[in-house]
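Engineer: Output the structure for:
(one chain, ligands or ions: 2)
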Amino acid sequence: MALDGKTAIVTGAAMGIGKAITEILLKNGAKVAVLDVNKVEGENLVKDLNKEYGADRALFLSCNVESDEEFKAAFQKAAEAFGAIDILCNNAGILNEEKWQDMISINLAGVIRGTYLALEHMRKTNGGGGGVIVNIASMAGLGPLLTCPVYTATKHGVIGFTRAVAAASAASNYGIRVNALCPSFVGTELFTTIEHKLGQFAHLKGAANQLVEKLGVLNTPEVAECILELVTDETKNGEAFMVRTEMKGYVPFPSLSSTDKP
Ligand SMILES: NC(=O)C1=CN([C@@H]2O[C@H](COP(=O)(O)OP(=O)(O)OC[C@H]3O[C@@H](n4cnc5c(N)ncnc54)[C@H](O)[C@@H]3O)[C@@H](O)[C@H]2O)C=CC1
Ligand SMILES: CCCCCC(=O)/C=C/[C@H]1C=CC(=O)[C@@H]1CCCCCCC(=O)O
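Structural biologist: Numbering: from 1, shown residues only. Ligands and ions are numbered 1, 2, ... in the order given. Got it, this is the predicted structure:
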């Protein structure tokens, strides 16, 4: 899938991984709607991006992914401004074990909300042009991260949801691929502020820090490169793509008859 002339929505795009996703999509010719709760960061970023990549290539839309109304309105505005939506990256996420209900609401329900809105806008069986959705999970979605049980649960949920929706989309001829990205540690504000957000298992942070020492920390452009692969490679649907500093690759899962096309 070539990105020239394509349009994308990226959630949680004002900083961190979402900002890097936005930049790589713009570099490759797409227009991008930057959705975030942080208006100041988001508006400043879009001003800079439009200077660098050309007027009106990026659009800031204030949106909390926990709100059906705000998310729906943002999709509508992006579709009106760009003509149609081809790509959605559900990236917005938090890590705060003390506010675990918020994590479920943002990390899991926010991804479901965004995906279902995108299916309505993009599916070929509803007059759309098809497209691709990438959900940002984590390596914590593949194995348990003992410092963060609820974060781990949300990311396992994202991967399960992604795989089921991908199979359902293919079986329904929607023309929409859905994949998940599973990064290891990435050097963003979420990562550098974790220590104060681990809640009742904060005493286990030594073990987590040892893992960080052993595995190292990815930078955001490295993660964005992997997202570009999931967006552009039209053979990929229902995949979980893991990325660490020293290796990356597609996760093998056991095959179940329930994901076969009826
Ligand atoms: N940093 C890391 O080590 C890793 C992060 N991830 C995932 O990557 C995604 C992005 O994380 P980072 O860039 O590290 O975080 P970050 O904290 O640097 O940036 C997150 C962005 O999302 C926005 N945001 C937060 N809640 C929101 C909401 N309710 N609605 C809309 N926007 C919201 C924030 O304002 C911020 O701009 C998350 O889903 C995270 O779980 C996955 C693996 C590793
Ligand atoms: C006290 C600092 C270290 C704490 C690290 C931690 O508990 C959580 C890190 C997570 C931040 C966002 C994520 O998604 C990170 C988890 C990444 C999982 C890494 C698993 C290791 C691997 O097998 O690659």
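
Engineer: Tell me where the model's unsure across the chain.
Structural biologist: 257-262 (pLDDT under 70).

Engineer: Residues of it that sit close to ligand 2?
Structural biologist: Contacts of the chain with ligand 2, taken as CB under 6 Å from any ligand atom, map to 95, 138-140, 145, 147-148, 184-185, 190-191, 194-195, 205, 208-209, 211-212, 215, 244. (Each C-beta comes from the backbone N, C-alpha and C, glycine too.)

Engineer: Only whichever of those are buried, select them in ChimeraX.
Structural biologist: The ChimeraX command for the buried members of those (criterion: 16 or more other CB atoms under 10 Å) is given here:
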select :95,138,139,140,145,147,148,184,185,190,191,194,208,244
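
Engineer: how many neighbours does the closest residue to Asn38 other than its chain neighbours have?
Structural biologist: Leaving out its chain neighbours, the residue that sits closest to Asn38 by CB to CB, 6 or more residues apart in numbering is Ala14, at 4.6 Å. Counted with other CB atoms under 10 Å, the neighbours of Ala14 add up to 25.

Engineer: if we can go back for a sec, please list which of the residues of the chain next to ligand 2 are also close to ligand 1.
Structural biologist: The subset of those within reach of ligand 1, by CB under 6 Å from any ligand atom, is Ser138, Phe185, Leu190, Phe191.

Engineer: Out of these, which comes closest to Val37?
Structural biologist: Leu190 (13.7 Å; CB to CB).

Engineer: did I read that right, that closest one in a helix?
Structural biologist: Yes: Leu190: assigned to a helix according to DSSP: H, G, I helix; E, B strand; the rest coil.

Engineer: For Pro254, see how far away it is.
Structural biologist: With distances taken as CB to CB, to the nearest Å, Leu190 is found 31 Å from Pro254.

Engineer: helix or strand for Leu35, which one?
Structural biologist: Secondary structure assigned from DSSP states H and E places Leu35 in strand 31-36.

Engineer: Which residues outside that strand are in contact with it?
Structural biologist: With CB atoms under 8 Å, 6 or more residues apart in numbering as the contact definition, strand 31-36 has outside contacts at 6-15, 18, 22, 25-26, 42, 45-46, 49, 56-63, 65, 71, 74, 77-78, 81-82, 92.

Engineer: I'd guessed Thr245 sits against Gly216; true?
Structural biologist: Yes: with contact defined as CB atoms under 8 Å, Thr245 and Gly216 form a contacting pair (4.0 Å).

Engineer: interface residues of the chain facing ligand 1?
Structural biologist: 11-12, 14-18, 36-38, 63-66, 91-94, 106, 136, 138, 183, 185-186, 188-191.
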